[in-house]
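Participant: Build me a model from this:
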Amino acid sequence: MRKERLIVPLVVGLALLWVMAQYAASLLFERELVRMLNDLEARGELVVERVAVERGWLTSSGRVVIAPLLGDDWQLAFTYSARHGVLSTRLDGELQPTLGPEQQRLFGDALPSSAPRWHARYQTLGGTLEGSVGLSPFVIHQLERELDFQGGQVTFGGQYGDWWLRARLKPLRLSDGDTTLEAGPSSLESRYAYTADAYHFTQHDLLHLDQLIWRQPGLVLDGSELRYSSRMQLDDSELRIEGELVLGELVVAEQVLLTGRVEAQLSRVHAEALRTLLSRLREEVMQAHRYTPRELIERLEPEFKALLQDSPRLDINSVDLDSPMLGVSAQGEGVLIFDPRRLDELRVSRLDDPDEQARWRSRLDGDFVWRDVPTVVALWLGLPLSTRELAVDVIRGKVRVNGRPLPPLRR
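Facilitator: Got it, this is the predicted structure:
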């Protein structure tokens, strides 16, 4: 009898602890989901909305819609169903992208295949999420055009403030009569780290394409080992973007047309001005009045020009290109700097006007060095055939090569 008196309170106590832990797990999941969606929207490029939400301490569900802040070219909606446990939460749902203002469903309307499903697990104690999406193969026919996609796999994960994504795509083939484009296999790796409200962030991306082939009657371009990597960072003072493009080989008629790499960096874009611009842009877009692109730029003219107040700089850190087929190579580096004085004289909204374009070009200064210049280039520029290095200077938008004005590009 004494044991029974002890067992009953123990069982009741354990049940209460389980209920409390289960309830806490559902609250933690909800908090992290809200924080993640808020920070996704905080970057400024996207609008995120959660609808049809049902919250519970055993299960919860809802639908999230992600759309670009500007335009209505696409939307990405995904449903989620969460089964909460004390130590982890299992999630699954369906992805449904839509296209255009009519919101045509990509899967089911545009493509003859069902929408892909995603699965994930959220660890309650560590606050980490890991999941995956399988992309099924499909073939689309439209008159003489055909798109053949062989499928792929996307994995994602991370925790608050640090997320990653990896995509592995099998080859795809696009054909239009006698012309075809084949790409892949390909891979994408991305990592995004940020502070609260994305005030600071760093994003790394790496895109790798094993093969890219263009075929048409009389011409075959075969590219291999194409890689593009980038790093975007927003800190207290500036937005900085670094990029590198590597081309293994581009082959034509069994000869290497082009190989090499280019590395560049854009820096000194005013950080606080960028945050202000994105905030003002969101305010304007969310208003009931629909502005044309020109009207929107005119309303945000001061914010756009404020981006330039620290004299943005484009560094061509390295150019190393070679064309064995043509006997031409290019090795060099350079820099281009924008002069931010008297910004009130410039109009962003009038950049389609040739006179305004000339005013903007007059704010550019820089230089570039091209080493081991081919003789044919020196001949075209009217320089001595013994010239082996070009010093390209940009002075108030005017280009000079080895001290001489650049000759007309068309003759």
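Participant: mind showing which ranges of the protein have poor pLDDT?
Facilitator: Low-confidence segments of the chain (pLDDT under 70): 1-26, 112, 288-289, 408-411.
Participant: Identify the residue nearest the geometric centre of it.
Facilitator: D205 (7.7 Å; CA atoms, centre = their mean).
Participant: what about the residue nearest to G152 when sequence neighbours are not counted, distance to L209?
Facilitator: If the residues on either side of it in the chain are set aside, G152 comes closest to L169, at 3.7 Å by CB to CB, 6 or more residues apart in numbering. Yep, even glycine has a C-beta here, placed from its N, CA and C like the rest. Applying CB to CB, to the nearest Å, the value for L169 to L209 is 10 Å.
Participant: Spit out the residues that contact these two alike.
Facilitator: The overlap between the contact sets of L169 and L209 (CB atoms under 8 Å, 6 or more residues apart in numbering) consists of 184, 186.
Participant: Sticking with L37, tell me its helix or strand.
Facilitator: Assessed by DSSP states H and E, L37 sits inside helix 2-42.
Participant: residues making contact with whichever helix or strand comes after that helix?
Facilitator: For helix 2-42, the succeeding helix or strand toward the C-terminus, using DSSP H and E, is strand 46-54. Contacts to strand 46-54, defined as CB under 8 Å, 6+ apart, come from residues 37-38, 40-41, 60-69.
Participant: Tell me the buried residues in stretch 318-329?
Facilitator: When neighbours are counted by 16 or more other CB atoms under 10 Å, the buried residues of stretch 318-329 are found to be 319, 322-323, 328-329.
Participant: and the residues you listed as a markdown table, adding distance to F149 and secondary structure?
Facilitator: Output for those, formatted as a markdown table (distance: CB to CB, whole Å; DSSP: H, G, I helix; E, B strand; the rest coil):
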| residue | distance to F149 | secondary structure |
| --- | --- | --- |
| V319 | 35 | strand |
| D322 | 34 | strand |
| S323 | 33 | strand |
| V328 | 37 | strand |
| S329 | 37 | strand |
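Participant: and those as CSV, adding distance to G382?
Facilitator: Conversion of the buried residues of stretch 318-329 to CSV gives the following (distance: CB to CB, whole Å):
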residue, distance to G382
V319, 23
D322, 25
S323, 22
V328, 18
S329, 21
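Participant: Would you state the helices of the protein in chain order?
Facilitator: Counting by DSSP state H, the segments of the chain that form helices are 2-42, 271-286, 293-299, 301-306, 354-361, 375-380.
Participant: Could you say which of those helices is packed most deeply?
Facilitator: With neighbours taken as mean count of other CB atoms under 10 Å, the helices of the chain reach their highest mean count in helix 301-306, at a mean of 17.
Participant: so how many other residues sit close to L70?
Facilitator: Other residues near L70 come to 12 when the count uses other CB atoms under 10 Å.
Participant: ok, it touching M286?
Facilitator: No: at 11.6 Å, L70 and M286 do not qualify as touching, with contact defined as CB atoms under 8 Å.
Participant: follow-up on the earlier one: adding distance to A198, write the helices of the chain out as TSV.
Facilitator: What follows is the helices of the chain, written out as TSV (distance: least, CB to CB, whole Å):
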stretch	distance to A198
helix 2-42	4
helix 271-286	9
helix 293-299	22
helix 301-306	18
helix 354-361	30
helix 375-380	46
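Participant: residues touching G243, list them.
Facilitator: If you count contacts by CB under 8 Å, 6+ apart, G243 has them with 228-231, 263-265.
Participant: Next one: it from S88, what distance?
Facilitator: 38 Å.
Participant: L326 too?
Facilitator: Remark: distance between L326 and S88 (CB to CB) = 59 Å.
Participant: Now do the phi/psi pair for L346.
Facilitator: Here is the backbone geometry of L346 (degrees, to the nearest 10): phi -110, psi 150.
Participant: ok, how many other residues are close to it?
Facilitator: Neighbours of L346 under the rule other CB under 10 Å: 18.
Participant: what do you get for A120?
Facilitator: Taking other CB under 10 Å as the criterion, the count of residues near A120 is 19.
Participant: what's the nearest residue to it if we skip its chain neighbours?
Facilitator: G131 (2.7 Å).
Participant: Among the contacts of G243, which one sits closest to E238?
Facilitator: Comparing the contacts of G243 against E238 with CB to CB places Q265 closest, at 11.3 Å.
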